[in-house]
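Trainee: got a predicted structure here, sequence first:
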Amino acid sequence: MDTDCLIGVFRQVSKDLDNQLKARIKSDGLPIIVSHIPLFYTLPETGESMPFNEITRDMAVSKSSLSDILKRNEDHGLIYREENKDDKRVVNFGMTLDGIGIKKALIGIEDDLLLELMKDLSEDEKNMLDTMIRKIAKK
């Protein structure tokens, strides 16, 4: 890892977290892949549905990629599809109870990974890091 370059450090941390996340998802037996995680943060946790085009926009993925993601997770019973009540041409998707359970499990895994990542930081340092990263991410 190139520690002289801050971008290299960010890439390494991101890669390490991604690998740890993949390992935890596998060891916990969750039927999802890392690239599908944004779906569970996009769909309402209440189980309500949202239109396909809204999901595409919010996740910033192509329609064909989203179709594949939705199909895989629908096949696993994690999301459901329904016709839009106002426009029969529109298809809505929402999380099933199992999907909501996956989201809760993901939150727990991410919390565990962050605790491990920041175990050597003081509370002030953790708060400062959180603030700075969120500030950078807004740009």
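Mentor: Nice, I can see it.

Trainee: all contacts plus neighbour counts: C-alpha atoms, from now on.
Mentor: Noted.

Trainee: what residues does residue 48 make contact with?
Mentor: For residue 48, the contact set (C-alpha atoms under 8 Å, 6 or more residues apart in numbering) comprises 94, 95.

Trainee: would you list the phi and psi of it?
Mentor: Main-chain torsions, residue 48, degrees, to the nearest 10: phi -70, psi 160.

Trainee: ok, now how distant is it from residue 84?
Mentor: When distance is defined by C-alpha to C-alpha, to the nearest Å, residue 48 is 12 Å away from residue 84.

Trainee: ok, now residue 126?
Mentor: Counting by C-alpha to C-alpha, the gap from residue 126 to residue 84 is 44 Å.

Trainee: just residue 58 next, same as before
Mentor: 18 Å.

Trainee: swap in residue 31?
Mentor: 27 Å.

Trainee: neighbour count: these two, which is higher?
Mentor: Just comparing residue 31 and residue 84: by other C-alpha atoms under 10 Å the higher neighbour count belongs to residue 84, 16 against 13.

Trainee: alpha carbons only: can I get stretch 124-138 in CSV?
Mentor: Output in CSV follows, covering the C-alpha atoms of stretch 124-138 (Å, rounded to 0.1, in the frame of the first residue of the first chain):
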residue,chain,number,x,y,z
ASP,A,124,-13.2,12.4,19.8
GLU,A,125,-11.1,10.9,17.0
LYS,A,126,-13.9,8.7,15.9
ASN,A,127,-16.3,11.7,15.7
MET,A,128,-13.7,13.8,14.0
LEU,A,129,-13.0,11.1,11.4
ASP,A,130,-16.8,10.6,10.8
THR,A,131,-17.3,14.3,10.3
MET,A,132,-14.3,14.7,7.9
ILE,A,133,-15.2,11.7,5.8
ARG,A,134,-18.8,12.9,5.4
LYS,A,135,-17.6,16.4,4.5
ILE,A,136,-15.3,14.9,1.8
ALA,A,137,-18.1,12.7,0.5
LYS,A,138,-20.4,15.6,-0.1
